[in-house]
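1. Give the three-dimensional model of this entry:
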Amino acid sequence: MTGRDQPCAFCAIVAGEAPAHEVLRTERFVAFLDVKPLFHGHVLVVPTTHVVTFDELPAPYAAELAVTTQQVQRAVERATGADGSLLIVNNVVSQSVPHLHQHVIPRRRRDGLRFWLGPRHPYEGAEHAAGVAAGIREALAADLS
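-> Sure, this is the predicted structure:
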């Protein structure tokens, strides 16, 4: 279930209750073709446990997600003849299904995808950047203690 008490589309796939073109299934992850692919071979890797965002994923699963994503990425690139790939995880913003999912999107040079990270917001100077970095270090220290 999602936080909104609606059925989770990805949990239904994990449970075998909804159809999907699976490419990999392990104890902790299922990988399947995206139903609205950017390009043919666009795969989603989802945990079998329902979590909404990356930070909710149990720490031992995070390393396994990275390894599983690498395996899927290599296979997608080989199977599609792609020049490379785009790997994306959306946390809440732009997350169309509220269940953690890693996108593996095959890419080719000049494929027409205009992936643009912007607008850019430069720091006001070195002091401003240092203050932001210090705040992040403090938040990390709090989490690690």
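
2. pLDDT below threshold where in this protein?
-> Regions of the chain meeting the criterion pLDDT under 70 cover residues 1-6, 116-118.

3. Give the residue farthest from the middle of it.
-> Glu127 (32.8 Å; CA atoms, centre = their mean).

4. which residues does it contact?
-> With contacts defined as CB atoms under 8 Å, 6 or more residues apart in numbering, Glu127 has no neighbours. Quick note: C-beta positions are derived from backbone N, CA and C, even for glycine.

5. what helix or strand is it on?
-> Using DSSP states H and E, Glu127 maps to helix 126-144.

6. Identify the residues contacting the helix ranked longest in the chain?
-> In the chain, with assignment by DSSP state H, the single longest helix is helix 59-80. Helix 59-80 is touched from outside by 23-24, 26, 28-29, 31, 39-41, 43, 45, 47, 49, 54, 57, 82-85, 87, 102, 104, 106, with contacts defined as CB under 8 Å, 6+ apart.
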